[in-house]
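> Kindly generate the corresponding structure for this input.
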Amino acid sequence: MTKHLLAIACGLLLSCEPSATCEEWPLPDPRVFAYRGGGALAPENTVVAAERAVADGADGIELDVRRTADGILIAFHDPTTGRTSDDVTNRPVSMLTYAQLQALDVGGWFAPEYAGTRVPTLDEMIAAVPPDREMIFDLKVDEVVAPVAKLIQERGLGERSLVSSFEIDRLAAFHELAPEIRLGYCLETWEDIDRAPELPVEFVRLPWYIEDELAPQREVLDLGYSLVVTDAAKTPLATMIVAADVPTTRMTITGWDHESCE
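Predicted coordinates for the structure are as follows:
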């Protein structure tokens, strides 16, 4: 059993380490980013979702970046079209041109009032985010690394941009091109934390299956990283929450207390 798994086991058993207080990990004032552009209240990764999240007071927008067959950067999460569009053939996004993707309805599946919503370009998503808000660009494929680095640098977006990925090698490739941009490492499994020191990672997002466990949360903080969770986890230790539902998450934060991190 690795030391990381042992830490998790100890946290679950509540007997292997002394009870920790919030004084050891000062409670941050967590920033709330709209997860997939705010996908609980509007179709994910769309301009209308980003606009609503901004209106709801999101500190920033997290969006997923892919590239079309003809080289256009778009906001789209899945590798295929079926889940979030009317494309019954569920085609690979990377095999479709921008024009082909524009023919898809990516709003009607969510609610009738969003019917006719189209796949946005990355430029359109950026335009929907005011200059006083930040953005997390989640790099879904290697092909977007260089063009996203170039876009951030040429637009002067570096100070309000973060770049994340589940792939540490993808982050490394991005860091070589844009070493000034802050990085976030999203863990697929807890063991992936061992690779975080390979880069100047600013934040670590825990895997979904241990987001609520205090032991890994504490270890992330002890290692010097900011802790990021989704709105499925309820912890006052998080520096950032990527929330599909921004208003509800805001209300949840106000109900957290110090006892919950003991």
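
> residue boundaries of the strands in the stretch 51-200 of the chain?
Secondary structure of the stretch 51-200 of the chain (DSSP state E, counting those that start in this stretch): strands at 60-67, 73-75, 134-139, 161-165, 182-186.

> Mind putting those into a markdown table with mean neighbour count, mean pLDDT and distance to W109?
To be clear about C-beta, it is placed using only N, CA and C from the backbone, and glycine gets the same treatment. What follows is these, written out as a markdown table (neighbours: other Cβ atoms under 10 Å; pLDDT from 0 to 100; distance: least, Cβ to Cβ, whole Å):
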| stretch | mean neighbour count | mean pLDDT | distance to W109 |
| --- | --- | --- | --- |
| strand 60-67 | 26 | 98 | 17 |
| strand 73-75 | 25 | 98 | 16 |
| strand 134-139 | 23 | 98 | 21 |
| strand 161-165 | 23 | 98 | 26 |
| strand 182-186 | 21 | 98 | 25 |
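
> Could you provide these in TSV, with additional columns for distance to E213?
Rendered in TSV, the data for the strands of the stretch 51-200 of the chain read as follows (distance: least, Cβ to Cβ, whole Å):
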stretch	distance to E213
strand 60-67	22
strand 73-75	31
strand 134-139	23
strand 161-165	21
strand 182-186	17
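
> Tell me if I253 really is in a helix.
Yes: applying DSSP: H, G, I helix; E, B strand; the rest coil, one finds I253 inside a helix.

> Could you count how many residues lie near it?
Other residues lying near I253 total 17 when counted by other Cβ atoms under 10 Å.

> now it: how far from L227?
Applying Cβ to Cβ, to the nearest Å, one obtains 14 Å for the distance of I253 from L227.

> Tell me where this protein has helices.
3-13, 47-55, 98-102, 122-127, 145-155, 168-177, 214-222, 246-254 (DSSP state H).

> quick one: which of the ones you listed is nearest F76?
F76 sits nearest to helix 98-102 of all those, at 7.9 Å, using Cβ to Cβ.

> Now do the closest one: distance to the chain's middle.
With Cα atoms, centre = their mean, to the nearest Å as the basis, helix 98-102 stands 25 Å off its chain's centre.

> any chance of the helices of the chain in CSV, with distance to D78 too?
Formatted as CSV, the entries for the helices of the chain read as follows, by distance: least, Cβ to Cβ, whole Å:
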stretch, distance to D78
helix 3-13, 30
helix 47-55, 15
helix 98-102, 12
helix 122-127, 16
helix 145-155, 18
helix 168-177, 17
helix 214-222, 27
helix 246-254, 22
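
> and the residue positioned nearest the centre of the chain, what does it touch?
For the chain, the residue nearest the mean C-alpha position is E62 (5.1 Å; Cα atoms, centre = their mean). Neighbour list for E62: 33-37, 135-136, 138, 164, 242 [criterion: Cβ atoms under 8 Å, 6 or more residues apart in numbering].

> Let me have these in CSV, adding distance to L122 as columns.
What follows is the contacts of E62, written out as CSV (distance: Cβ to Cβ, whole Å):
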residue, distance to L122
F33, 17
A34, 16
Y35, 17
R36, 14
G37, 12
M135, 10
I136, 13
D138, 12
S164, 15
V242, 18
